[in-house]
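Asks: Could you work out the structure for the sequence below:
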Amino acid sequence: MAHRGPNPSARKLGRTPNAEWVDVPDVPYEGASPDLPKLKGRQRWHEIVVQWWENVRRMPHCALWRPTDWDYALETALMKQRHYDRFLEGEEKTTDAVEIRRREDNLGTTHEALRKLRIRYVQVEVEDELVGDEPDEQPRVVHQARAGGPGRVTSLQDRRARARQAMPGPRPQPATTADEQPA
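Replies: Take a look at the predicted model:
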């Protein structure tokens with residue numbers, strides 16, 4: 001006898017390993033983000049909260065955030081500030097710590113939180129080209145496990161030789177050292 005009830009959904013999210021992930025380039029977010037607001041009176045932000053805020057505002061997945069997400073992050077910073085104020089006064093509330101932890105999970109501040117949110121940082125491919133008149137500038141090298149890691153990095157001399165061959169017009173000759181001079 002067949003099982004009664006609705007047919008299973010073709011698109012499953014949640015506990016299945018094939019659920020959809022959001023791929024985010026693994027580069028620090030440099031876009032617009034709010035600063036911590038001024039506190040009333042002569043109060044100053046705790047160093048831990050300031051460092052936390054600097055880390056949060058540079059997380060790569062902040063590029064996906066809307067203004068309400070930034071408000072949520074600021075409210076979390078204010079809660080952390082209040083928590084540390086209470087802690088220094090000798091009053092410690094575990095309910096504050098639990099709420100802060102939940103909010104940090106919602107923001108994706110840890111690797112585990114990113115996994116729960118199904119956010120995955122992906123490496124960005126970087127072209128290592130010589131730009132303009134700056135042949136002495138070293139290209140940025142990205143090490144990726146699937147690309148073979150640091151063993152497949154091209155030496156700078158080989159890269160310059162290939163760049164010289166690809167240049168149109170007269171090619172500059174590589175400088176020779178005293179050891180390479182013909183006798």
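
Asks: From here on, just use CA atoms for contacts and neighbour counts.
Replies: Will do.

Asks: How about residues contacting the longest helix along the chain?
Replies: Counting by DSSP state H, the longest helix found in the chain is helix 67-88. Outside of helix 67-88, the residues that reach it under the criterion Cα atoms under 8 Å, 6 or more residues apart in numbering are 33-34, 36, 45-46, 49, 53, 92-93, 96-97, 100, 103-104, 107.

Asks: got it, and stretch 89-107?
Replies: Counting by Cα under 8 Å, 6+ apart, 73, 76, 79, 80, 83, 86, 110, 113, 114, 117 sit against stretch 89-107.

Asks: biggest separation within those, which pair?
Replies: 86 and 117 (30.7 Å; Cα to Cα).

Asks: which stretches of the chain form strands?
Replies: 22-25, 119-122 (DSSP state E).

Asks: Just put the ones you listed in TSV and tack on mean pLDDT.
Replies: Shown next, in TSV, are the strands of the chain (pLDDT from 0 to 100):
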stretch	mean pLDDT
strand 22-25	92
strand 119-122	92
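
Asks: Any chance of those strands in CSV with distance to residue 40 and mean neighbour count as columns?
Replies: Shown next, in CSV, are these (distance: least, Cα to Cα, whole Å; neighbours: other Cα atoms under 10 Å):
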stretch, distance to residue 40, mean neighbour count
strand 22-25, 37, 14
strand 119-122, 36, 15
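
Asks: Export those strands as CSV, with columns for distance to residue 65.
Replies: Shown next, in CSV, are the strands of the chain (distance: least, Cα to Cα, whole Å):
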stretch, distance to residue 65
strand 22-25, 12
strand 119-122, 13
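
Asks: quick revisit: in helices, which of the contacts of helix 67-88 fall?
Replies: Those of the contacts of helix 67-88 lying in helices (DSSP H): 49, 53, 96, 97, 100, 103, 104, 107.

Asks: What pLDDT is listed against the fifth one?
Replies: Going back to what we said before, that points to residue 100. Per-residue confidence at residue 100 stands at 95 (pLDDT).

Asks: now do the second one
Replies: Reading off the per-residue confidence, residue 53 sits at a pLDDT of 95.

Asks: how far away is the nearest residue to it once chain neighbours are set aside from residue 34?
Replies: Leaving aside its chain neighbours, residue 53 sits nearest to residue 77 (7.0 Å; criterion: Cα to Cα, 6 or more residues apart in numbering). As judged by Cα to Cα, to the nearest Å, residue 77 and residue 34 stand 12 Å apart.

Asks: cool, and residue 42?
Replies: Taking Cα to Cα, one finds residue 42 at 21 Å from residue 34.

Asks: Compare these two (neighbour count), which wins?
Replies: More crowded of residue 42 and residue 34, by other Cα atoms under 10 Å: residue 34, with 12 against 6.

Asks: list the contacts for the more buried one?
Replies: residue 70.

Asks: next one: residue 39
Replies: Contacts of residue 39 by Cα under 8 Å, 6+ apart are residue 45.
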